[in-house]
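Engineer: Need coordinates for the below:
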Amino acid sequence: MLDLQLVIGNKRYSSWSLRPWLLLRHLGASFAEIQLSLYRPDTKAQLQRYSKAAKVPVLIDGDLVVWDSLAICEYLAELFPEAGVWPADRAARAVARAVAAEMHSSFTALCSELPMNCSGPRAGVVPSAAAQADIERIVTIWQECRASYGGPWLFGAFSAADAMYAPVVIRFDTYQVPLPPMAAQYLSTVLADTPMREWIASGREELELVPEIEIGTLIA
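Structural biologist: I've put the predicted structure just below:
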């Protein structure tokens with residue numbers, strides 16, 4: 001019997017928490033959700049109760065602790081081998097892992113300048129040249145994957161690659177980033193996803209606000 005627990009941060013802001021949470025929901029896995037605030041004086045101490053890394057997300061399976069979102073995705077792929085965490089085709093699976101790893105290790109300008117915020121559309125945030133280059137690279141990835149594998153997700157069916165890019169979808173939607181048609185279609189697919197809608201709705205209901213993340217002007 002599975003005894004999964006997922007430690008996450010603020011749903012309004014925590015992009016890394018969203019990734020394994022979304023994947024678990026798509027897997028239909030039963031798990032207990034442990035949510036901690038990431039912006040309080042005792043945050044580090046609270047996080048260290050679950051992982052010495054003192055970061056989210058953390059997946060707990062009985063006595064096993066797995067930290068880091070991509071490592072959690074790989075563990076879930078082994079735990080649910082028939083569930084399609086990665087594409088079934090070997091070549092597609094390799095590409096999916098490559099684009100997921102690129103998301104995991106890259107796009108620092110975008111993530112810094114356009115922080116994830118589930119509050120709703122915002123105006124007045126203009127990406128730098130570096131952030132715009134990140135945006136263009138992500139759009140290229142989305143377009144090439146959907147053109148090659150047919151959509152509606154990046155590799156046809158939902159996979160861990162989609163979970164890895166889900167926070168970017170929120171960023172693009174929040175800051176009204178202009179997108180070409182195929183990328184805009186992908187964004188709509190992700191935003192229409194039921195677990196995504198649930199996460200965003202929960203994030204909007206959170207009362208804890210962090211001024212340095214609440215950038216731009218909320219569009220009523």
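Engineer: Below-threshold pLDDT in the chain: ranges please.
Structural biologist: 1-2 (pLDDT under 70).
Engineer: show me where it has strands.
Structural biologist: Per DSSP state E, the chain carries strands over the ranges 4-8, 31-35, 58-61, 64-67, 122-123, 217-218.
Engineer: nearest to W16, of those?
Structural biologist: Set against W16 and scored by Cβ to Cβ, the strands of the chain come closest in strand 4-8, at 8.6 Å. Backbone N, C-alpha and C define where each C-beta goes, glycine included.
Engineer: so what strands line up beside that closest one?
Structural biologist: Each strand paired with strand 4-8, and its direction, by DSSP bridges: strand 31-35 (parallel), strand 58-61 (antiparallel).
Engineer: How about the first one, which residues are buried there?
Structural biologist: Of the residues in strand 31-35, those scored as buried under the neighbour-count criterion (16 or more other Cβ atoms under 10 Å) are F31, I34, Q35.
Engineer: so can I have a markdown table of these showing distance to P57?
Structural biologist: Output for those, formatted as a markdown table (distance: Cβ to Cβ, whole Å):
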| residue | distance to P57 |
| --- | --- |
| F31 | 11 |
| I34 | 10 |
| Q35 | 11 |
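Engineer: on that earlier part again, put together a markdown table for the strands paired with strand 4-8, with distance to R197 on each row.
Structural biologist: Supplementary listing: these in a markdown table, determined by distance: least, Cβ to Cβ, whole Å:
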| stretch | distance to R197 |
| --- | --- |
| strand 31-35 | 17 |
| strand 58-61 | 23 |
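Engineer: nearest to G124, of the ones you listed?
Structural biologist: strand 31-35 (29.9 Å).
Engineer: residue contacts, the closest residue to R197 other than its chain neighbours?
Structural biologist: Excluding its sequence neighbours, the residue lying closest to R197 (Cβ to Cβ, 6 or more residues apart in numbering) is L191, at 7.4 Å. The contact partners of L191, by Cβ atoms under 8 Å, 6 or more residues apart in numbering, come to V169, D173, R197, I200.
Engineer: Could you check how far the closest residue to the first one other than its chain neighbours is from G124?
Structural biologist: What that stands for is V169. Beyond its immediate neighbours in the sequence, the residue positioned closest to V169 (Cβ to Cβ, 6+ apart) is V190, lying 4.3 Å away. The spacing between V190 and G124, counted by Cβ to Cβ, to the nearest Å, is 24 Å.
Engineer: again with L6
Structural biologist: Per Cβ to Cβ, L6 is found 34 Å from G124.
Engineer: The two: who's more crowded?
Structural biologist: More neighbours sit around L6 than around the other of L6 and G124, counting by other Cβ atoms under 10 Å; the figures are 22 against 11.
Engineer: report the longest helix in the protein, please.
Structural biologist: Taking residue count as the measure and DSSP state H as the definition, the longest helix of the chain comes out as helix 129-149.
Engineer: and that helix, what other elements does it pack with?
Structural biologist: Counting contacts by 3 or more Cβ pairs under 8 Å, 6 or more residues apart in numbering; DSSP states H and E, helix 129-149 is packed against helix 90-105, helix 108-113, helix 160-174, helix 181-192.
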